[in-house]
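**Student:** Need coordinates for the below:
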Amino acid sequence: MAGGEFNDVPGEVPGHPDRDETEIERVDRNLGELLEEIRVAMPGVQVLFAFLLVLPFNSRFGQVTATQEKIYYGTLVCTAVAAALLIGPTMNHRLQFRQNKKERILIVSHRLAIAGLTVMAVAMTGALFLVGDFVFDSTVAAIGAAIPAFVMLIVWYVLPLTGRNAD
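**Tutor:** Numbers count the residues shown, from 1 in each chain. Here you go, the predicted structure:
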């Protein structure tokens with residue numbers, strides 16, 4: 001893979017003056033950092049997925065409205081997709097292990113992680129709305145889900161993307 005294609009991973013500058021490392025060392029470091037970040041995100045996905053899986057077995061689940069059922073199922077599906085996307089880099093690495101394709105693994109895994117975290121934000125918002133709608137009403141649920149969704153938008157996307165061009 002050409003060095004230019006590596007620039008597909010945002011924020012990476014080949015031959016950064018602050019690091020004395022080879023291209024191979026840099027790819028190894030970047031992949032290690034990415035996998036560590038995914039390890040941080042996965043427990044949240046797992047906890048939300050577990051909560052959503054047991055929810056229908058709760059005796060009060062029979063009281064949900066048809067709209068709440070749809071929100072529940074959409075949130076459950078989003079959580080499963082987020083888990084699949086965030087686990088994807090591990091499988092990608094395993095299937096291409098010792099094939100000298102770490103740079104390619106890094107590029108694909110980078111994209112999978114961003115997609116997985118994005119779908120996770122949707123799932124978290126859906127779960128918050130579902131609980132708020134069940135316990136209170138749609139207006140309270142919308143406000144209660146919108147506030148964390150806005151925080152995720154700012155902290156997960158706006159700040160990092162505006163920071164890319166700051167230096």
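
**Student:** Now the most centrally placed residue in the chain: which helix or strand?
**Tutor:** With the centre of the chain defined as its mean C-alpha position, the nearest residue by C-alpha atoms, centre = their mean is Leu117, 1.4 Å away. Here Leu117 sits within helix 102-135, counting by DSSP states H and E.

**Student:** Give me the mean pLDDT for that helix.
**Tutor:** The predicted model gives helix 102-135 an average pLDDT of 94.

**Student:** What's the first helix or strand after that helix?
**Tutor:** Using DSSP H and E, the first helix or strand after helix 102-135 is helix 138-152.

**Student:** Count the residues that sit near Ser138.
**Tutor:** 13 (other C-beta atoms under 10 Å). Heads up, the C-betas are built off the backbone N, CA and C, glycines and all.

**Student:** Equivalent analysis for Ile71, please.
**Tutor:** Other residues close to Ile71 by other C-beta under 10 Å number 20.

**Student:** mean confidence for stretch 83-94?
**Tutor:** 91.

**Student:** Just the CA coordinates for stretch 112-132, please, in PDB.
**Tutor:** What follows is the C-alpha trace of stretch 112-132 in PDB, where atoms were taken according to Å, rounded to 0.1, in the frame of the first residue of the first chain:
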ATOM      1  CA  LEU A 112     -15.600   0.500  11.200                       C
ATOM      2  CA  ALA A 113     -14.900   2.100  14.600                       C
ATOM      3  CA  ILE A 114     -16.300   5.500  13.500                       C
ATOM      4  CA  ALA A 115     -19.400   3.800  12.000                       C
ATOM      5  CA  GLY A 116     -19.800   1.700  15.100                       C
ATOM      6  CA  LEU A 117     -19.600   4.700  17.500                       C
ATOM      7  CA  THR A 118     -22.000   6.600  15.300                       C
ATOM      8  CA  VAL A 119     -24.600   3.800  15.400                       C
ATOM      9  CA  MET A 120     -24.000   3.500  19.100                       C
ATOM     10  CA  ALA A 121     -24.900   7.200  19.500                       C
ATOM     11  CA  VAL A 122     -28.200   6.500  17.700                       C
ATOM     12  CA  ALA A 123     -28.800   3.400  19.900                       C
ATOM     13  CA  MET A 124     -28.100   5.300  23.100                       C
ATOM     14  CA  THR A 125     -30.400   8.100  22.000                       C
ATOM     15  CA  GLY A 126     -33.100   5.600  21.200                       C
ATOM     16  CA  ALA A 127     -32.800   3.800  24.500                       C
ATOM     17  CA  LEU A 128     -33.000   7.100  26.400                       C
ATOM     18  CA  PHE A 129     -36.100   8.100  24.400                       C
ATOM     19  CA  LEU A 130     -37.700   4.700  25.000                       C
ATOM     20  CA  VAL A 131     -37.200   4.800  28.800                       C
ATOM     21  CA  GLY A 132     -38.300   8.500  29.000                       C
END
